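**Q** A predicted structure for the sequence below; I have some questions about it.
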Amino acid sequence: MDRPTSTAINKATEYDKLQQILDKVRDLKQSLANFFTEYEHGQPSWPTILDQMNVLSSQITTLRTSVRHILPLLRTNSIMPMCLSPENDLTVEQLTERRLSIFNHDFMPQLLRTKNLPEIEERERLLNTNLTTNNNNNSNPMGRSMPAPNEIHTRVQELNLYLDHVTALLRQTKDVTDKSEKQFDLQRFTNQSDTKRLLDAMNYGIGLKAPDTSSSPITTNEQANMNQQMSTQPPRQQAPTLRIKTVSKSNR
């Protein structure tokens, strides 16, 4: 059994890439056909149009990216027509979706051309000329004198200096802010041991001391102070004693 060579593998890979691009082109054509069909049968709503345009834009962007990646491969290969025939060719008709059914000496230069038609080149030149003229007319609408190139260069340098200064300030502010946030994150505002002791005391009464209900003995100094206070107070007057005399009643 023959092993596939590197050339055959490369050709298969190139063919797969081209086939993927053809599939993307078919999808884009189908999306355009659906959009035109829906627009012809009735006026679609504005959100529907926006959605379809987004789909078309995405497909076109993907197609351009794929073509850009395969351009180096296409530029390294040359297309040479090996068979020209004035008769109808079903294969060509199928590949071109019935746009071309004969691949003869008249169509071959048109299909393999690398430059635009002279009429298109002339039209493109006129458009570029008109665009340049309009830009020159709109570049100085107020009649002001344009600054010299040296002055423009000086202003650009000054603007770059201002931008560098602002960028340095922003970077410095960001560094200080990041440093402050890191320091704040490293700080500890709670103590695990104290929290555990507090929870144990609240939930289970661990670590709480019972109140002392025993009377403390009076010291000598306190007794002396109490005696001094009692001696300084005036004595209270005692109430006079009452004498009661009993008298016997006479008999009537």
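**A** Thanks, I have it.

**Q** so the spatially most central residue of the chain is in which element?
**A** The residue lying closest to the centre of the chain (C-alpha atoms, centre = their mean) is Lys174, at 18.8 Å. Using DSSP states H and E, Lys174 sits within helix 149-186.

**Q** what comes up buried for that helix?
**A** Going by neighbour count (16 or more other C-beta atoms under 10 Å), nothing in helix 149-186 comes out as buried. Using the backbone N, CA and C atoms, a C-beta is placed for each residue, glycine as well.

**Q** how much space between the residue nearest to the centre of the chain and Arg155?
**A** Separation of Lys174 from Arg155 (C-beta to C-beta, to the nearest Å) stands at 28 Å.

**Q** Equivalent analysis for Asp23, please.
**A** 52 Å.

**Q** How about Leu112?
**A** Counting by C-beta to C-beta - Leu112 and Arg155 are separated by 51 Å.

**Q** go on, Leu22?
**A** From Leu22 to Arg155 the distance is 52 Å (C-beta to C-beta).

**Q** Ok, Ile49 next?
**A** 45 Å.

**Q** now Val55
**A** Relative to Arg155, and taking C-beta to C-beta, Val55 is found at 45 Å.

**Q** and what of Pro81?
**A** Applying C-beta to C-beta to Pro81 and Arg155 gives a distance of 58 Å.

**Q** Same question for Asp194.
**A** From Asp194 to Arg155 the distance is 64 Å (C-beta to C-beta).

**Q** Helices of this structure, start to end?
**A** Ranges of helices in the chain, per DSSP state H, are 6-41, 46-75, 90-95, 107-111, 118-138, 149-186, 192-204, 220-232.

**Q** Poorly predicted segments of the stretch 1-150 of the chain, please.
**A** Low-confidence segments of the stretch 1-150 of the chain (pLDDT under 70): 1-12, 136-147.
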